[in-house]
Structures are given as C-alpha cells and as structure tokens.
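> Could you look at this predicted model? Sequence included:
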Amino acid sequence: MNSINKVDEKSPVKVTPLQMIGEDDRGATFTVFNNRSGNYMLAYRKAGSSSGRHYHTGKSAYKDPEVLYLLSGEALLRWRRIDEDVTGEIRVISPARVEIAVLIWHELVAVSDCSFWEMNSLEDVKADSIRVEPKAL
C-alpha cells in the first residue's frame, strides 16, 4: 500500500493531516494536540536518509503509541508487524501527525529534506527500542 496520508482503518500506523487554523501572506498556522509533557526530540533529515528501523514494546509510555509530527518535507513510512508478514508503506506529506503502534517495526525514509518532532525523549527511545535491520525481519 503506497498512498499519501491515507491508511486503512485496521492499520497499526495512523497519519492525520494537521488542521489549518489560519493562512495569510505570511504563511499558514496549524493546531497541534499534545497531552504529553517533558523533553521531545526535533530531527532534521536529508533526502534519502532513513531513521528508525526498530520497534517498541510499550515499556515506555511515550512509545505506546509512538507519536511524531512531520513538520516539513515529505517522507515514506515503511512498517511491518513483527509477528506477521503484514507490511505496508505510506507517503507522508507535512504537516501531519503520525502514530505508530507497539510491536510494529518502522522506518522513516526522507523523500525530501524534512524535519519531524518526536513526542518522546532520548531516554524513552533508549528504554524501549529494539533495532532490527529490514533483511532480518
């Protein structure tokens, strides 16, 4: 499945375009919902680079689900259920909110230079990330 910001209702990955609340000659303003607090990670990625290649077990509350906001650019999100042969990919265009369920291997590939805001800390990543290269799945 390769679609733009559209996923099946049963998908373990959810992509939601952000709601625009205003636009004028300066640009656009969007609203972002967040019920998490603490430290977050802001990442800038170059076109062609990848991030992730891991899954989470839910040990860290902020990784169940993992939430990130694609702030600029475009990315391809590849995913696979770790206990099944079910795979998918979705092209995500900013600005968008992305949710990834636990036990879902995922990789974010920058289609263009992009930036994303990950709603968890580096400590959350270290406590609950199991790295797996795609060929090992």
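Everything's here; your move. Residues are numbered from 1 along each chain as shown.

> where do the helices sit along the chain?
Taking DSSP state H as the test, the helices found in the chain are 122-127.

> Could you report the distance from the residue sitting furthest away from the middle of it to Ser72?
Distance from the C-alpha centroid of the chain peaks at Asp25, with 29.6 Å (C-alpha atoms, centre = their mean). According to C-beta to C-beta, to the nearest Å, Asp25 stands 19 Å off from Ser72. To be clear about C-beta, it is placed using only N, CA and C from the backbone, and glycine gets the same treatment.

> do Arg45 as well
10 Å.

> Find residues that contact each of these two.
Asp113, Cys114, Ser115 (C-beta atoms under 8 Å, 6 or more residues apart in numbering).

> Show me which of those residues is closest to Met41.
Ser115 (10.9 Å; C-beta to C-beta).

> Looking at Arg45 and Ser72, which one has more neighbours?
Counted by other C-beta atoms under 10 Å, Arg45 and Ser72 do not tie: Arg45 has more neighbours, with 18 against 12.

> any idea where the strands of the chain begin and end?
With DSSP state E as the criterion, the chain has strands at 2-4, 13-17, 19-24, 27-31, 41-45, 50-55, 66-72, 74-81, 87-93, 96-100, 104-110, 114-118, 130-131.

> ok, and for the fourth one, which residues are buried?
Of all the residues in strand 27-31, those buried under the rule 16 or more other C-beta atoms under 10 Å are Phe30.

> same deal with stretch 128-137?
For stretch 128-137, by 16+ other C-beta under 10 Å, it's Asp128, Ser129.

> so for that stretch, what's the average pLDDT?
In this model, stretch 128-137 has a mean pLDDT of 84.

> Tell me how far that stretch lies from the chain's centre.
16 Å (C-alpha atoms, centre = their mean, to the nearest Å).

> hmm, who's touching that stretch?
Here stretch 128-137 makes contact (C-beta under 8 Å, 6+ apart) with 53-60, 63, 78, 80, 82, 105, 107.
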